[in-house]
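Student: would you be able to build a 3D model of this:
(2 chains)
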Amino acid sequence: MSPMNPLVQVVLDDIAQQVATRMDLEVAEVRSLLEVPRESGRGDFALPCFPFARVMRRAPQQIAEEIATAFEPGPIIQSCQATGPFVNFTLDPAERARRVLGAIHSGGDDFGSQDIGSGKTVVLDYSSPNIAKPFHVGHLRSTVIGAALIRVYRSLGYQTIGVNHLGDWGTQFGHMMAAYSREDWKDPEREASDPIPFYRELYARFNLEIERDAGLAEEGRNWFRRLEEGDQEARELWKKFHDVSMIEFDRIYRKLGVTFDHFTGESFYNDKMDRVVEEARSREVAVESEGALVISVGDHVPPVMLLKSNGTTTYHTRDLAAAMYRQETFDFEMLLYVVGEEQRLHFQQLFHALERMGFEWAARCRHVGFGRYPNISSRGQGGKRFVGLDEILDEAIRRAKEKASENSDIEDASGVAEVVGIGAVIFNDLKNNRKKDVDFDPEDWNTILEFRGDTGPYVQYSHARTASIIRKHGAPVSTRIDYQLLTTPEDRTLVSLLESYPGRLAMAGQEVEPSLVTRYLLDLTKALSHYYHKHKVLVEDPPLRAARILLIDCARQVIANGLKILGVAAPERM
RNA sequence: GCGCCUGUAGCUCAGUGGAUAGAGCAUCGGACUUCUAAUCCGAGGGUCGGAGGUUCGAAUCCUCCCAGGCGUGCCA
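Tutor: Below you'll find the predicted structure:
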């Protein structure tokens, strides 16, 4: 059953109780059938009567009639009527508005917060870029989705721990070092001015060379072995790549407003690998195979490799060590890996290996996969263009600036352009089901940088416009209003949407799906725009004006809260 | 070959068992001396990839097939 707003919960429980008692039905069954009609104008809640037809041996239409007749409306549930095989329940709109708007007004920035996760810890592994490689658009997804999920779970009352599992270990570093130490590839000037692109090119060049010269791969593996063994020269090189990268990452995270509780990358587990191997051996799940040490995890899944034939560890070994460390350190309720969908198999293997090692908490680990930017290369290969994150953010900000200069004369136009541009990028990334690939044509920035329609700037604009009306109202927002004045269809639609925010947030947590919040904000914003078209807020009549001000201030509050979850700024002016 | 993901309007996507399948973009037509036009209003546009099945009821659940993407032991 989907989580729901407590305000709704109480009403639905009441309806189910009464219907079940009067018709001699199971309360739970009635309760589970109650739904919100897709179309407005059919009442606030509906009960389809088809399932009762068989047991009661009557037509569903007739049963609906009987229920509607037997049901006694109360102070909140105003009316109840049969429409064909459905019973439609309508709440007293004024009473409903009073409750919903009251809760939002008093809740403020905390409206939507819940306690369903209290006492539980959720660990999120997200962003996790590779050191010595540039932060490209692909990393944006993990960063933005992970950061949004952290805020979702925090709102739901969980203790959250954000971990950046930096890709700072592995044979790739052997490759980097092998490439870096080639005398004929050195370029000190370039390295000083443009280190990250320089390293990226070295790495790409090395990977191309490998295809022609198999000896290079061996050279790379040997460098990594030296690193794992603590060789001085290897450690120093590693440190150089690490430090340069961290400065770069820090700059990007600041721009995106993303933070982490821990930067424990793969290298952090270097001294925790032996234990993994020992545990696997002592639990008799590790076996020798083709010179390597592996854990087999089923017929349809390739085995998990703990040690390669040259004795070095793998991605799996480090992930096993990390999972064990996190369990011991954080005692998590959930461990979520926000990593690309293409690594589905890797995590399947990882979780199976944990199970085979006898860890019951393996069932609490989950891979939160997401789609890619299919037209973008991470290395600039394969005829695809490399697109850096900075390139996108800069273009977004430039466009926002251009747009702003067309209309407004506000102060701090460049500050606004920055939050709008970055907001557009983040919102776009979180707009659809995370498993879907992001539609992006590198030749056509409009695919991801549109500012009209279903976009971040549209929601931000709506927020700014609402804030502007409230500013012009010029008096404090009060809940001491006549709620009978908020009962037009547009009022009721808005109230109903506002009421559903906490439920949608809980659903986003349950489904591990930030797009539920994004979609909700678009629905709410569209309803609000429609409201402005239909009703003027700053009318002469003081009671009506006060009532509408409260309503739109609540809408503004919920938009602000939702945008905050997504990591998108809610500007007061734009 | 096997495994996973995706398939809904021209395009990009919502819709995870209920009433007439919805948005944005694009196209066409309309609204700025009126609380911000980054907006709003209206129109056209659909064999929900295909075929079976379960159900009172299927875009939604099951089976098979088709198409695209990703992955498939010594990169991570």
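
Student: my read is that residue A:83 contacts residue A:65, right?
Tutor: No - taking contacts as C-beta atoms under 8 Å, residue A:83 lies outside contact range of residue A:65: 10.2 Å. C-beta coordinates here come from the backbone N, C-alpha and C atoms, glycine included.

Student: so the two - more neighbours on which side?
Tutor: For residue A:83 versus residue A:65, the count of surrounding residues by other C-beta atoms under 10 Å is larger for residue A:65: 18 against 14.

Student: gap between the more buried one and residue A:29?
Tutor: Distance, residue A:65 to residue A:29, by C-beta to C-beta, to the nearest Å: 19 Å.

Student: how about residue A:542?
Tutor: Counting by C-beta to C-beta - residue A:542 and residue A:29 are separated by 49 Å.

Student: what does residue A:92 give?
Tutor: As defined by C-beta to C-beta, residue A:92 lies at a distance of 26 Å from residue A:29.

Student: what does residue A:509 give?
Tutor: 27 Å.

Student: please identify which of those two sits among more neighbours.
Tutor: residue A:509 (25 against 13).

Student: need the contact list for that one.
Tutor: Shown in contact with residue A:509 (C-beta atoms under 8 Å, 6 or more residues apart in numbering): A:116, A:117, A:149, A:152, A:153, A:156.

Student: quick one, phi psi at it?
Tutor: Here is the backbone geometry of residue A:509 (degrees, to the nearest 10): phi -70, psi -40.

Student: now it: how far from residue A:285?
Tutor: 34 Å.

Student: same check on residue A:189?
Tutor: Separation of residue A:189 from residue A:285 (C-beta to C-beta): 52 Å.

Student: neighbour count: those two, which is higher?
Tutor: residue A:285 (19 against 9).

Student: any idea how far that one is from RNA strand B?
Tutor: Note on residue A:285: its distance to RNA strand B, by C-beta to the nearest atom of the strand, to the nearest Å, is 13 Å.

Student: report the contact partners of that residue.
Tutor: Taking C-beta under 8 Å, 6+ apart as the test, what residue A:285 contacts is A:295, A:353, A:356, A:357.

Student: most surrounded residue in these?
Tutor: residue A:353 (29 neighbours).

Student: so that residue, which state does it fall into?
Tutor: Classification of residue A:353 using DSSP: H, G, I helix; E, B strand; the rest coil returns helix.

Student: closest to RNA strand B among the contacts of residue A:285?
Tutor: Of all the contacts of residue A:285, residue A:295 has the smallest distance to RNA strand B: 9.1 Å, by C-beta to the nearest atom of the strand.

Student: can you pull the contacts of the closest one?
Tutor: Taking C-beta under 8 Å, 6+ apart, we find residue A:295 in contact with A:280, A:285, A:286, A:287, A:303, A:304, A:306, A:353, A:356, A:357.

Student: how about the residues you listed in CSV, adding distance to residue A:34 and secondary structure?
Tutor: Converted to CSV, these look like this (distance: C-beta to C-beta, whole Å; DSSP: H, G, I helix; E, B strand; the rest coil):
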residue, distance to residue A:34, secondary structure
A:280, 51, helix
A:285, 49, coil
A:286, 53, strand
A:287, 55, strand
A:303, 49, coil
A:304, 47, strand
A:306, 52, strand
A:353, 44, helix
A:356, 44, helix
A:357, 45, coil
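
Student: now those as JSON lines including pLDDT?
Tutor: Shown next, in JSON lines, are the contacts of residue A:295 (pLDDT from 0 to 100):
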{"residue": "A:280", "pLDDT": "95"}
{"residue": "A:285", "pLDDT": "93"}
{"residue": "A:286", "pLDDT": "93"}
{"residue": "A:287", "pLDDT": "93"}
{"residue": "A:303", "pLDDT": "94"}
{"residue": "A:304", "pLDDT": "96"}
{"residue": "A:306", "pLDDT": "96"}
{"residue": "A:353", "pLDDT": "96"}
{"residue": "A:356", "pLDDT": "94"}
{"residue": "A:357", "pLDDT": "95"}
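
Student: straight-line length of stretch A:495-506, end to end?
Tutor: Start-to-end span of stretch A:495-506 (C-alpha to C-alpha, to the nearest Å) is 19 Å.

Student: again but with stretch A:83-100, I slipped
Tutor: Terminal residues of stretch A:83-100 lie 27 Å apart, using C-alpha to C-alpha.

Student: what about that stretch, distance to the chain center?
Tutor: 32 Å (C-alpha atoms, centre = their mean, to the nearest Å).

Student: which parts of that stretch are buried?
Tutor: By 16 or more other C-beta atoms under 10 Å, the buried positions in stretch A:83-100 come out as A:85-94, A:96-100.

Student: kindly report the same for stretch A:107-118.
Tutor: For stretch A:107-118, by 16+ other C-beta under 10 Å, it's A:107, A:111, A:112, A:114, A:117.

Student: show me where the stretch 301-450 of chain A has its strands.
Tutor: A:304-307, A:334-338, A:365-368, A:376-377, A:385-386 (DSSP state E, counting those that start in this stretch).

Student: looking at the stretch 401-550 of chain A, what residue ends up closest to RNA strand B?
Tutor: Closest point on the stretch 401-550 of chain A to RNA strand B, by C-beta to the nearest atom of the strand, is residue A:453, at 2.3 Å.

Student: that residue: neighbouring residues, count only.
Tutor: Residue A:453 has 8 neighbours, counted by other C-beta under 10 Å.

Student: which bits of the stretch 201-350 of chain A sit near RNA strand B?
Tutor: Residues of the stretch 201-350 of chain A lying near RNA strand B by C-beta under 7 Å from any atom of the strand: A:217, A:221, A:224, A:266, A:289-292, A:294, A:300, A:302-303, A:305, A:308-310, A:314-315, A:318, A:341-346.

Student: what's near enough to touch the closest residue to residue A:109 other than its chain neighbours?
Tutor: Ranked by C-beta to C-beta, 6 or more residues apart in numbering and with sequence neighbours excluded, the top spatial neighbour of residue A:109 is residue A:561, at 6.4 Å. Going by C-beta under 8 Å, 6+ apart, residue A:561 touches A:109, A:111, A:112, A:501.

Student: mind telling me what element residue A:561 is part of?
Tutor: For residue A:561, the element it lies in under DSSP states H and E is helix A:542-566.

Student: one more: residue A:294?
Tutor: strand A:292-295.

Student: what strands line up against that strand, and which way round?
Tutor: strand A:286-289 (antiparallel), strand A:304-307 (antiparallel) (DSSP bridges).

Student: flag the shaky bits of the stretch 301-450 of chain A, pLDDT-wise.
Tutor: When residues are selected by pLDDT under 70, those of the stretch 301-450 of chain A lie in A:378-384, A:407-409.

Student: let me redo that: chain A
Tutor: Using pLDDT under 70, chain A drops low at A:1-7, A:40, A:378-384, A:407-409.
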